[in-house]
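# need a structure here:
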Amino acid sequence: MAKDSHQRAAEMHELAAHAHRVAATHHGKEDHQTGHEHAKQAMEHAAKAFQQSQEALEQSAMFAKHEKKS
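Below is the predicted model:
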């Protein structure tokens, strides 16, 4: 279960990185409106990635605590 949450977090980080790269490309081509849209999307993905990472960390901590008791 913890592995799944880490995988989801990693996927969200990849989506955020991709959106940042696309935004940078559009900014470099003087397409600022599209660049801003992609930058906004990148920030949304980054926020979701952070949230997923926090959840994965919490699940890992709970799993480790449970394993210690066993």
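
# which SSE is residue 30 in?
Using DSSP states H and E, residue 30 sits in no helix or strand.

# which one is residue 39 nearest to, not counting chain neighbours?
Of all residues not flanking residue 39 in the chain, residue 23 sits nearest, at 4.1 Å (CB to CB, 6 or more residues apart in numbering). (Each C-beta comes from the backbone N, C-alpha and C, glycine too.)

# Name the SS class of the one you found, please.
helix (DSSP: H, G, I helix; E, B strand; the rest coil).

# Hmm, residue 43 and it touching each other?
No. Residue 23 is beyond contact range of residue 43, at 9.4 Å (criterion: CB atoms under 8 Å).

# of those two, who's got more company?
residue 23 (21 against 14; other CB atoms under 10 Å).

# Let me see the mean pLDDT of the strand or helix carrying residue 16.
Using DSSP H and E, residue 16 falls within helix 2-28. Summarised as a single mean, pLDDT over helix 2-28 is 82.

# coming back round to it: next one: the residue nearest to residue 39 relative to residue 45, how far apart?
Distance, residue 23 to residue 45, by CB to CB, to the nearest Å: 11 Å.

# now what about stretch 46-65, what contacts it?
For stretch 46-65, the external contacting residues (CB atoms under 8 Å, 6 or more residues apart in numbering) are 1, 2, 5, 6, 8, 9, 12, 13, 15, 16, 20.

# Who are the contact partners of residue 25?
residue 35.

# which residue packs closest to the most centrally placed residue in the chain, ignoring adjacent ones?
The chain has residue 49 as the residue nearest its centroid, 2.3 Å off, counting by CA atoms, centre = their mean. Distance criterion CB to CB, 6+ apart; nearest residue to residue 49, sequence neighbours excluded, is residue 12 at 3.5 Å.
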